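Visitor: attaching a predicted model along with its sequence, questions to come.
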Amino acid sequence: MALFLELLENAPAGSGRAIVVFITIVFILNILFLSTKYRTVSGSPVAGQKWWFEPLVITRYRFLLNGWAVTRAGWDQYGDRIFTIARPDSTITVVPPQYLDELQNLPDTKLNGIQALAEDMGDQYSGISILKGTHLTFNVVRNKLTPRMGAIIPPLMEELEHAMKAELPASKEWVAVDLGMIFTRIISRLTTRVWVGKELSRNNTWHTDNIWTTENIFITALLLRFVPPVLHPVLGACLPTRRRIREGIRKVQSYLVPLIEERRRRQAQHGAALEPEEDVLQWLMDGASEEESPAENLAERYVYSVIGSLYTVSGALTDCLFDLAEHPEYVEPLRQELRQTLAESRGQWERGTASKLLKMDSFMKESLRTNAPSPFSQKRIVKEELTLSDGAKLPSGAYICMIDQSAIGRGPDKFDGFRYAGLRQDPGFMTKYQYTSTDRDHLTFGHGRLACPGRFVASLEMKMVLAAMLERYEISFHVSGQGGVRPKKIQVLELAFHNPATRVYLRQK
């Protein structure tokens, strides 16, 4: 470094001095971008590095601008071996799928998924670090909510009916809409109904505050990925989104803390004679440790626990509607299946209704295959050195992931909405190709011990919303109802999301 400073001081005026300034800046940036809090496998190749002498800062920012292309190229070149992806904020070790079975069920003391999620989503800067070191929400969703899916269908249907009237246009003419935000608010209503009850699910201000808070969490996490970890304290101190997150958390607490305290007051007053509430908030209260049990902690935990349900589900629903607009030949077969299935239960949704919608389930899975939100899955922090079956070693402190091959286009090129319905005609594949099924070829929900526990409820909600849209609405990319171009997603780093400025057209049937 001293050498570059000396060159800069003594450089002649003009172009020579400019070159030295440029080299100095590149050198400093490269030093900064060599910093990473994660260890890597020694000798593993770096995806996207075009020359062996290329400064790492260039490789990292190539991933920022072309992350999906770098991932595809890395997979095509090194997919059967361990390789490295250099993201601006971290160095990620990509592990090939042949190791899935031996890694999927390792305990947190060896591979920690919650820590990887928290650190990927901004950690202490976004506030999501509150989830580290605990499986409270995960266990409640898996062990309490999922087994009660039959019981939540009636309140979900009631809430969906209200949400459709509140959020969707009532017009026989084509109306431009922000479909992503509509679905985010509908899913917020359904999630709130199941998690904290009917009163808040009907509170418009609650939904606005909650969505605003989670948006700022995402923005904070995304911006932190643009710079090396050594600069995170500086950037974190400057981001206005951090202030907004704290403000949003206080707003959410103003709703939930009185609710939690009132429930505890009634429990203390009536004891065992009081019939407990049957919602996720109550199960969180019942299962919380001493550290987790303060009302403020549970309220804050709610915000970070529902992020996935809000944006993952609403994004997947938006993709499904876009696929219907792009492939209208699927609309009538899906409507026919829905009519036949509901006729078997006198027009009512029952516990088994969703599982009978094989074509809809297949359409959702094919839409997810062709519109994955990220090619990365199975994100874990290695807590102690692991020796794999072939002798390869994963060092303690490495950040590892696997690539969802379908997300990077390493599958059939043609969209086939009923692909999986056809495969499930074989009795041996009846469960293998469900929307919620996971395996080495379908890793969007993860796999093994820490596979997403909320995917079953998410699938149910998606089918309910899609059914309502099929029954009541038509969608088009153009105001005429004919033609138009499917809106492209924004791809940044390894993420793909809908442009919030996108507008499509809906009209009632």
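Guide: Looks like it arrived, so ask away.
Visitor: from here on, contacts and neighbour counts on C-alpha atoms
Guide: Fine.
Visitor: pull out the buried residues from stretch 478-487.
Guide: By neighbour count on 16 or more other Cα atoms under 10 Å, the buried set for stretch 478-487 is His478, Val479, Gly481.
Visitor: redo those residues as a markdown table? Include secondary structure and distance to Asp439.
Guide: What follows is the buried residues of stretch 478-487, written out as a markdown table (DSSP: H, G, I helix; E, B strand; the rest coil; distance: Cα to Cα, whole Å):
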| residue | secondary structure | distance to Asp439 |
| --- | --- | --- |
| His478 | coil | 38 |
| Val479 | coil | 41 |
| Gly481 | coil | 39 |
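Visitor: which parts of the stretch 201-350 of the chain are helices?
Guide: Under the criterion DSSP state H, counting those that start in this stretch, the stretch 201-350 of the chain carries helices at the ranges 204-224, 232-238, 240-270, 280-287, 295-305, 307-326, 331-343.
Visitor: would you mind writing the CA trace of the second one as PDB?
Guide: Translated: helix 232-238. Extracted in PDB, the C-alpha atoms of helix 232-238 (Å, rounded to 0.1, in the frame of the first residue of the first chain):
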ATOM      1  CA  HIS A 232     -21.400  -3.000   6.600                       C
ATOM      2  CA  PRO A 233     -21.100  -1.000   9.800                       C
ATOM      3  CA  VAL A 234     -20.600   2.200   7.800                       C
ATOM      4  CA  LEU A 235     -23.500   1.500   5.400                       C
ATOM      5  CA  GLY A 236     -25.700   0.100   8.100                       C
ATOM      6  CA  ALA A 237     -25.300   3.400  10.100                       C
ATOM      7  CA  CYS A 238     -26.300   5.400   7.000                       C
END
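Visitor: so what does it touch, helix or strand wise?
Guide: Under the contact criterion of 3 or more Cα pairs under 8 Å, 6 or more residues apart in numbering; DSSP states H and E, helix 232-238 touches helix 204-224.
Visitor: what does the helix it packs on contact?
Guide: With Cα atoms under 8 Å, 6 or more residues apart in numbering as the contact definition, helix 204-224 has outside contacts at 89, 120-122, 125-127, 184-185, 188-189, 200-201, 232, 235-236, 239, 241-242, 244-245, 248-249, 251-252, 255, 303-304, 307.
Visitor: give me the buried positions along that helix.
Guide: Going by neighbour count (16+ other Cα under 10 Å), the buried part of helix 204-224 is 206-207, 209-211, 213-224.
Visitor: phi and psi next, for the residue lying closest to Arg62 once chain neighbours are set aside.
Guide: Take Arg62 and drop its neighbours on the chain: the residue closest to it by Cα to Cα, 6 or more residues apart in numbering is Gly48, 7.3 Å away. As for Gly48, its main-chain torsions (degrees, to the nearest 10) stand at phi 90, psi 0.
Visitor: Gly48 and Ala73 touch, don't they?
Guide: Yes. Contact criterion Cα atoms under 8 Å: Gly48 and Ala73 qualify, at 7.2 Å.
Visitor: thinking again about what came up before, what about the residue nearest to Arg62, distance to Ile85?
Guide: Counting by Cα to Cα, to the nearest Å, the gap from Gly48 to Ile85 is 8 Å.
Visitor: any common contacting residues for these two?
Guide: Listed as contacting both Gly48 and Ile85 by Cα under 8 Å, 6+ apart are Thr71.
Visitor: please say which of those two ends up with more neighbours.
Guide: A side-by-side neighbour count of Gly48 and Ile85, using other Cα atoms under 10 Å, places Ile85 first with 25 against 22.
Visitor: mind listing what that one touches?
Guide: Here Ile85 is in contact with Val46, Ala47, Gly48, Thr71, Thr91, Ile92, Thr93, Val94 (Cα under 8 Å, 6+ apart).
Visitor: one more time with 6 Å, if that's ok
Guide: Ile85 makes contact with Val46, Ala47, Thr91, Ile92 under the criterion Cα atoms under 6 Å, 6 or more residues apart in numbering.
Visitor: and which of those residues is nearest Ser377?
Guide: Comparing these against Ser377 with Cα to Cα places Ile92 closest, at 11.7 Å.
Visitor: give me the three-state assignment for that closest one.
Guide: Put simply, Ile92 is strand when judged by DSSP: H, G, I helix; E, B strand; the rest coil.
Visitor: my read is that it contacts Ala398, right?
Guide: No. In this structure Ile92 lies outside contact range of Ala398 using Cα atoms under 6 Å: 7.5 Å.
Visitor: which neighbours do the two share?
Guide: Listed contacts common to Ile92 and Ala398 are nil; contacts here mean Cα under 6 Å, 6+ apart.
Visitor: on that earlier part again, what is the nearest of the buried residues of stretch 478-487 to Leu470?
Guide: Gly481 (15.8 Å).
Visitor: strands of the stretch 301-450 of the chain, residue ranges please.
Guide: Under the criterion DSSP state E, counting those that start in this stretch, the stretch 301-450 of the chain carries strands at the ranges 376-382, 386-387, 393-394, 399-403.
Visitor: helices along the stretch 351-500 of the chain, start to end?
Guide: Listed in chain order, the helices of the stretch 351-500 of the chain (DSSP H, counting those that start in this stretch) span 353-356, 358-370, 419-423, 455-472.
Visitor: buried deepest among those, which one?
Guide: Highest mean neighbour count of the helices of the stretch 351-500 of the chain: helix 358-370, a mean of 23 (counted as mean count of other Cα atoms under 10 Å).
Visitor: packing partners of that one?
Guide: helix 419-423 (3 or more Cα pairs under 6 Å, 6 or more residues apart in numbering; DSSP states H and E).
Visitor: what mean pLDDT does the helix it packs on get?
Guide: What helix 419-423 shows for mean pLDDT is 93.
Visitor: hmm, who's touching it?
Guide: Contacts of helix 419-423 (Cα under 6 Å, 6+ apart): Leu358, Lys359, Ser362, Tyr433.
Visitor: repeat for stretch 401-410
Guide: Against stretch 401-410 from outside (Cα under 6 Å, 6+ apart): Arg72, Val94, Val95, Arg369, Ala372, Pro375, Phe376, Ser377, Gln378, Lys379, Leu443.
Visitor: ditto for stretch 309-326
Guide: Residues contacting stretch 309-326 (Cα under 6 Å, 6+ apart): Gly180, Phe183, Thr184, Ile187, Ser367, Ile475, Ser476.
Visitor: can you redo the contacts of helix 419-423 as CSV with distance to Glu261 and pLDDT?
Guide: Below are the contacts of helix 419-423 laid out as CSV (distance: Cα to Cα, whole Å; pLDDT from 0 to 100):
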residue, distance to Glu261, pLDDT
Leu358, 44, 97
Lys359, 45, 98
Ser362, 44, 98
Tyr433, 44, 91
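Visitor: out of the strands of the stretch 301-450 of the chain, which one sits most buried?
Guide: strand 399-403 (a mean of 25).
Visitor: who does that one pair up with?
Guide: Taking DSSP bridges as the criterion, strand 399-403 sits next to strand 90-94 (parallel), strand 376-382 (antiparallel) in its sheet.
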